[in-house]
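J.: Take this sequence and fold it.
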Amino acid sequence: MRRPPRHGIRPLGSVLEAVGQTPLLRLRGLEAEEGLAAASVELYGKLEFENPGGSVKDRPALQMVLDARAAGRLAAGKGILDSTSGNTGVAYAWIGAALGVPVTLVMPENVSAARKQITAAYGAHLVFSDPLEGSDGAIRLARKLAADRPDAYLYLDQYSNPSNPKAHHLGTGREIWESTGGRVTHFVAGIGTSGTLMGTGRRLKEENPRVRVIGVEPDDPFHGLEGLKHLASSIVPAIYRAEDRDETLAISTDEGWAMAERLGKRAGLLVGHSSGAAVAGALRVARALRDAGTPGVVVTVLPDRADRYFEPVRPGA
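T.: Down below sits the predicted model:
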């Protein structure tokens, strides 16, 4: 099966132009296994791992960098600084390389080896925070570095930067609306920085106020769903507004991991555990529609692939 190029037949002038316009895939296998199609419930996943940096975070990272440049905040000689659990760091790293801007990333020391290697391969400078403090520890250390060296760093602060949800308002939400022909009824996304949920949800509600926007978060502070936040025990992102979502679903680590494995073995989608949690939440919504006899079009986001979570195998292991 052949499909037209995502960005048309014209050559791109820059790799930056390859961000966005990711495919929306109907998850027909899950629909069949769960009896959704017979109940006129459709389930879709947006394949954000097809962005050039391999994740949904390419969208907000690019928007934050371009907006900072346009506002004159990214002066010559000043580098980008931010905290990250990995994906945004990869995005900053390749975007910085493409633009010739130095990038410093603060991340917990226990993030996957793949993420460390990818960001370093793009030339980013890595600073590691206490692994026991998680993403909040990385945030605190990034804030300290920015305060100590305001001349050297532009701290983009993805958790507070309005350009983060703006990227999804302009891109992800519009693309979902157009791809579904305006039929989307429910949007489900994991809560990390919350930019995807906030920006996409606002755009969809502008198009149709009846669209339900549903967040997914881990059910426990000590979870294994990398990239997601348990809000009650975390620093709540400044861009998060509870009133902009209709509901929040708590997903266990086991449920997210099991769904990621199911998607790999049954749907040919080798995705990360945050993707597994998002699809698990979307499937919970779809089942409720099925059981109520209510048709619907449920869309979620698959933030990244699983390969950047793999640890290298030691020789002789």
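
J.: Near R266, how many other residues are there?
T.: Residues lying near R266 (other Cβ atoms under 10 Å) number 12. From N, CA and C alone the C-beta is placed, and that goes for glycine too.

J.: name the element it belongs to?
T.: helix 253-267 (DSSP states H and E).

J.: so the next helix or strand after that helix versus helix 253-267, what angle?
T.: As assigned by DSSP H and E, the chain's next helix or strand after helix 253-267 is helix 273-292. Put simply, helix 273-292 runs at 80 degrees to helix 253-267, going by axes from the mean of the first three to the mean of the last three Cα atoms, to 10 degrees.

J.: Domains of the chain: list them as residue ranges, please.
T.: 15-54+163-309, 58-155 (automatic domain parsing).

J.: Now render these as a markdown table, adding mean pLDDT.
T.: Putting the domains of the chain into a markdown table (pLDDT from 0 to 100) gives the following:
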| stretch | mean pLDDT |
| --- | --- |
| domain 15-54+163-309 | 96 |
| domain 58-155 | 93 |
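
J.: do you know how far the residue nearest to G264 when sequence neighbours are not counted is from A306?
T.: Leaving aside its chain neighbours, G264 sits nearest to L270 (4.7 Å; criterion: Cβ to Cβ, 6 or more residues apart in numbering). L270 sits 5 Å away from A306, going by Cβ to Cβ, to the nearest Å.

J.: Strands along the stretch 151-300 of the chain, start to end?
T.: Assigned by DSSP state E, counting those that start in this stretch, the stretch 151-300 of the chain shows strands spanning 153-155, 186-190, 212-218, 247-251, 296-302.

J.: where's G20 relative to G173, distance?
T.: For G20 relative to G173 (Cβ to Cβ), the value is 11 Å.

J.: ok but Y44 is inside a strand, no?
T.: Yes. Under DSSP: H, G, I helix; E, B strand; the rest coil, Y44 falls within a strand.

J.: Spell out the residue ranges of the helices in this protein.
T.: 28-34, 58-70, 87-99, 113-121, 134-148, 163-167, 173-179, 195-207, 253-267, 273-292 (DSSP state H).

J.: Just give the closest residue to E50, not the sequence neighbours.
T.: That would be T22: by Cβ to Cβ, 6+ apart, it lies 4.8 Å from E50.

J.: on that earlier part again, was I right about the residue nearest to G264 contacting D307?
T.: Yes. If you go by Cβ atoms under 8 Å, L270 and D307 touch, sitting 6.8 Å apart.

J.: looking at it, A98 is touching S14, isn't it?
T.: Yes. When contacts are counted by Cβ under 8 Å, A98 is listed as touching S14 (6.6 Å).

J.: Those two: which has the busier surroundings?
T.: Using other Cβ under 10 Å as the criterion, A98 and S14 rank with A98 on top: 15 against 9.
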